[in-house]
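In: Just need the structure, nothing else, for what follows:
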Amino acid sequence: MKVKIIYYDEYIAVIDKPSGLVVNRAASVKGKSLQDILEEEGIIDAGKWSDEAFRSRSGLAHRLDKDTSGVLVVGRTPEALKFLLAEFKERRVKKKYITLVHGLVPEEGVIEAPIRRHPLNKRKFSVFIGGRESMTAYKLIESFWYKGQAFSLVEVRPRTGRTHQIRVHFRYIDHPVVGDSVYAGRKNIQIDQEITKRIFLHAAQISFRHPSSKKYVQFESKLPVDLRNVLEKLENK
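Out: Predicted structure coming up:
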């Protein structure tokens, strides 16, 4: 598998990650991860650097879930990676996602609810008192219908970066993400399987300070064909 490169220079690479590709290398991962591909294609020359933190991450400044598609940023030198990681930590990186959720959401809103790993299921995260501060802003793009059920296409701007944050927050307000087999629930997944084979969650835009110029740059990824096809199956009113 090759990956599409949106932008590439001496310091960074911006990748358009496809759905189904695992980002981080692990013993449990079957097939190649994005880390493997970055090194094999020469986007990251891990052997060139002695910095162990850089080598272990293959320059990855953040991650996307396996089935989430869209923009992902890589630092191509240890210094660039350290700068990007600090920008993420200080919440100076701005991200926009596009998602389709069940039900009709308000025109706009902010979800503030603390998140931590679920105590009974280590694969899941959930809203719990004492969890990590988490905030997700959203805006309705368009409403759709399918077999009498409502759906909302939503622009999402997470203000924190917790694992599964968008998925957990929309489940928390009873508007789970379409195609999310972990959080959507059995009843929702049954109808989701009629319209999509993957989770409808796409990282559409990212803006951050460039490690060299320190000026803000912005990169975008169009909604992939498989998700556009989902919308064509729905009725808008």
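
In: Name the SS class of residue 38, please.
Out: helix (DSSP: H, G, I helix; E, B strand; the rest coil).

In: ok, the nearest residue to it once chain neighbours are set aside - how many residues close by?
Out: Nearest residue to residue 38 in three dimensions, chain neighbours excluded: residue 44, at 4.4 Å (CB to CB, 6 or more residues apart in numbering). In short, each C-beta sits where N, CA and C put it, glycine included. By other CB atoms under 10 Å, the residues close to residue 44 number 25.

In: what's the distance between residue 88 and residue 206?
Out: Using CB to CB, to the nearest Å, one obtains 10 Å as the distance from residue 88 to residue 206.

In: For those two, indicate the residue with more neighbours.
Out: More crowded of residue 88 and residue 206, by other CB under 10 Å: residue 206, with 23 against 15.

In: longest single helix anywhere in the protein?
Out: With DSSP state H setting the assignment, residue counts place helix 78-89 as the longest helix in the chain.

In: what's that one in contact with?
Out: Residues lying outside helix 78-89 but in contact with it, judged by CB atoms under 8 Å, 6 or more residues apart in numbering, are 11-12, 49, 51, 53-54, 57, 59, 61-62, 73, 75, 93, 161, 208-209, 211-212.

In: buried sites along it?
Out: When neighbours are counted by 16 or more other CB atoms under 10 Å, the buried residues of helix 78-89 are found to be 78, 80, 81, 82, 83, 84, 85, 87.

In: how close does the fifth one get to residue 132?
Out: If I follow you right, that is residue 83. Residue 83 sits 24 Å away from residue 132, taking CB to CB as the criterion.

In: Equivalent analysis for the last one, please.
Out: Between residue 87 and residue 132 the distance is 19 Å, computed by CB to CB.

In: Quick test: name the residue nearest the centre of this protein.
Out: Averaging the C-alpha coordinates of the chain gives a centre point, and the residue nearest to it by CA atoms, centre = their mean is residue 64 (4.2 Å).

In: Am I right that that residue is in contact with residue 22?
Out: No - counting by CB atoms under 8 Å, residue 64 does not reach residue 22; the two are 9.8 Å apart.

In: helix, strand or coil for residue 27?
Out: Secondary structure for residue 27, judged by three-state DSSP, is coil.

In: ugh, wrong one, residue 227
Out: Secondary structure assignment for residue 227 (three-state DSSP): helix.

In: wait, it sits on residue 202?
Out: Yes - because the distance of 6.1 Å satisfies CB under 8 Å, residue 227 is recorded as touching residue 202.

In: hang on, the earlier thing: now tabulate the buried residues of helix 78-89 in JSON lines and tack on distance to residue 154.
Out: Shown next, in JSON lines, are these (distance: CB to CB, whole Å):
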{"residue": "78", "distance to residue 154": "37"}
{"residue": "80", "distance to residue 154": "32"}
{"residue": "81", "distance to residue 154": "31"}
{"residue": "82", "distance to residue 154": "34"}
{"residue": "83", "distance to residue 154": "31"}
{"residue": "84", "distance to residue 154": "27"}
{"residue": "85", "distance to residue 154": "28"}
{"residue": "87", "distance to residue 154": "25"}
